[in-house]
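Engineer: Below: sequence and its predicted model.
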Amino acid sequence: MRVLLKETLDCTPDAAWRAIHSPAVFREVSSPVMTVESLEADGFPTSWEPGEHPVTMRGLGLVPLGMQVIRLSETTLRQAGTGTAAGNGAGTVRILRDTGRGVSGSMAAVTHWDHRMAIAADPDHPGKTLYRDQLIFRAGHATLAVWPGFWVFWQWRMAQIKRLAPTWRFDLGVDVETPSDTGTGTGTDNGTDGVVSVTP
């Protein structure tokens, strides 16, 4: 099944790209619905690099959800027929993809995980970011049962991302890795605006 969201973020694409590589930002946009702890020897890095990153997760900070391996890769695409008005690189789409796996607990019930976050300049709003977030997952016979939980969590994540984005000022040197005190996509536009699409 799939959850697909699209929003304009009030920050530059470079700032958004840096933010989605930040474990601190990841934890903040997930909290308090889900808390995440690193299982890497030195804990969370300042910025995630491509590769595998084991974590443990808890629902509401209390309910153990199990261990998950986050497996990151990066892709840069050029959209044909897209202008580059004002020199803002509007035709470039950068994608951070997580094809990790659940290792233990309820996370192990998810048999297929493909999460893609696509960053591009918003052609209609200079200086802002067009952000697309797609999750495709399967959990065997439990897929339909777990989908509502993922749907609700993805709405929460997007609301948090949109709220925090104005603080992600890459060009002003603001450190997006410091959280506040409160806490198969192709990278092409499919015409959905702030809509969730569900497909089996």
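Structural biologist: Good, I have the coordinates. Numbering: from 1, shown residues only.

Engineer: what comes into contact with the lowest-mean-pLDDT helix or strand in the chain?
Structural biologist: The helix or strand of the chain with the poorest confidence is strand 101-102; it has a mean of 90 (mean pLDDT, DSSP states H and E). Applying Cβ atoms under 8 Å, 6 or more residues apart in numbering, the external contacts of strand 101-102 come out as 66, 67, 68, 69, 71, 108, 109, 110, 113. Quick note: C-beta positions are derived from backbone N, CA and C, even for glycine.

Engineer: If we use 10 Å, what do you get?
Structural biologist: For strand 101-102, contacts defined as Cβ atoms under 10 Å, 6 or more residues apart in numbering pick out 52, 57, 65-71, 107-113, 139.

Engineer: Check which helices and strands the lengthiest strand in the chain sits against.
Structural biologist: Secondary structure of the chain per DSSP state E: the longest strand is strand 63-78. In this structure, strand 63-78 packs against strand 34-38, strand 51-59, strand 92-98, strand 101-102, strand 112-121, with contacts taken as 3 or more Cβ pairs under 10 Å, 6 or more residues apart in numbering; DSSP states H and E.

Engineer: any chance of those in a markdown table, plus distance to residue 10 and mean neighbour count?
Structural biologist: Shown next, in a markdown table, are these (distance: least, Cβ to Cβ, whole Å; neighbours: other Cβ atoms under 10 Å):
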| stretch | distance to residue 10 | mean neighbour count |
| --- | --- | --- |
| strand 34-38 | 25 | 16 |
| strand 51-59 | 28 | 16 |
| strand 92-98 | 18 | 19 |
| strand 101-102 | 34 | 18 |
| strand 112-121 | 13 | 21 |
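
Engineer: Could you tell me which strands sit next to the least confident helix or strand of the chain in the sheet, and their orientation?
Structural biologist: strand 63-78 (antiparallel) (DSSP bridges).

Engineer: buried sites along the strand it pairs with?
Structural biologist: 65, 66, 67, 68, 69, 70, 71, 72 (16 or more other Cβ atoms under 10 Å).

Engineer: Likewise for stretch 23-36?
Structural biologist: For stretch 23-36, by 16+ other Cβ under 10 Å, it's 23, 24, 25, 26, 27, 28, 29, 30, 31, 34, 35, 36.

Engineer: again with stretch 138-157
Structural biologist: Here stretch 138-157 shows 139, 143, 146, 147, 150, 153, 154, 156, 157 as buried, counting by 16+ other Cβ under 10 Å.

Engineer: returning to that earlier point: next one: the longest strand of the chain to chain centre, how far?
Structural biologist: Relative to the chain's own centre, strand 63-78 is displaced by 9 Å; criterion: Cα atoms, centre = their mean, to the nearest Å.

Engineer: All set now, cheers.
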